[in-house]
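# Take this sequence and fold it.
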Amino acid sequence: MLPVAQKQLIIDEEIRAWQLGFGVAREVGFDDRDGYVAEANLALRRYYDDLAMTPKPFTIAN
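Below you'll find the model as predicted:
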C-alpha cells in the first residue's frame, strides 16, 4: 500500500493533466466545458477509488 503522500502526488498529476488538457481540447475545437468537467470527474473518481482516497470535485483552473 502506498503512503498517503504518494497517493496525493498521483492524484495531483492526474488533475494537472485534466486541467492542461482542456486548453488542448479548446485548441482543436472542443468547447464543452461542462462536459469536459463531467468526464474528468468520472475519470478521476476511478483514481480516487483505486487509491482508496476520498474524492474531491474537479474544476478547471482559470
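# Using CSV, write out every CA atom in the one helix or strand Leu9 maps to.
Per DSSP states H and E: Leu9 is located in helix 4-27. Included here for helix 4-27 are C-alpha records, laid out as CSV according to Å, rounded to 0.1, in the frame of the first residue of the first chain:
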residue,chain,number,x,y,z
VAL,A,4,-0.9,8.9,1.5
ALA,A,5,1.7,11.5,0.3
GLN,A,6,2.5,9.3,-2.7
LYS,A,7,-1.2,8.8,-3.4
GLN,A,8,-1.7,12.5,-3.4
LEU,A,9,1.1,13.0,-5.9
ILE,A,10,-0.6,10.6,-8.3
ILE,A,11,-3.9,12.5,-7.9
ASP,A,12,-2.3,15.9,-8.3
GLU,A,13,-0.6,14.8,-11.5
GLU,A,14,-3.9,13.5,-13.0
ILE,A,15,-5.7,16.7,-12.0
ARG,A,16,-2.9,18.7,-13.7
ALA,A,17,-3.3,16.6,-16.9
TRP,A,18,-7.0,17.2,-17.0
GLN,A,19,-6.6,20.9,-16.4
LEU,A,20,-4.0,21.3,-19.1
GLY,A,21,-6.0,19.0,-21.4
PHE,A,22,-8.9,21.4,-21.6
GLY,A,23,-6.7,24.0,-23.2
VAL,A,24,-5.6,21.5,-25.8
ALA,A,25,-9.2,20.4,-26.4
ARG,A,26,-10.2,24.0,-27.0
GLU,A,27,-7.4,24.4,-29.5
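# What lies in contact with it?
Identification of contacts with helix 4-27 by C-beta atoms under 8 Å, 6 or more residues apart in numbering yields 2, 31, 33, 36, 40, 43-44, 47-48, 51-53, 58, 60-61. Every residue, glycine included, has its C-beta placed from N, CA and C.
# what do you get for stretch 49-62?
With C-beta under 8 Å, 6+ apart, stretch 49-62 has contacts from 2, 4, 7-8, 10-11, 15, 18-19, 22, 33, 36-37, 40-41, 44-45, 48.
# What subset of those is buried?
7, 11, 15, 18, 22, 36-37, 40-41, 44, 48 (16 or more other C-beta atoms under 10 Å).
# Burial check on Ala43, number of neighbours?
If you count neighbours by other C-beta atoms under 10 Å, Ala43 ends up with 13.
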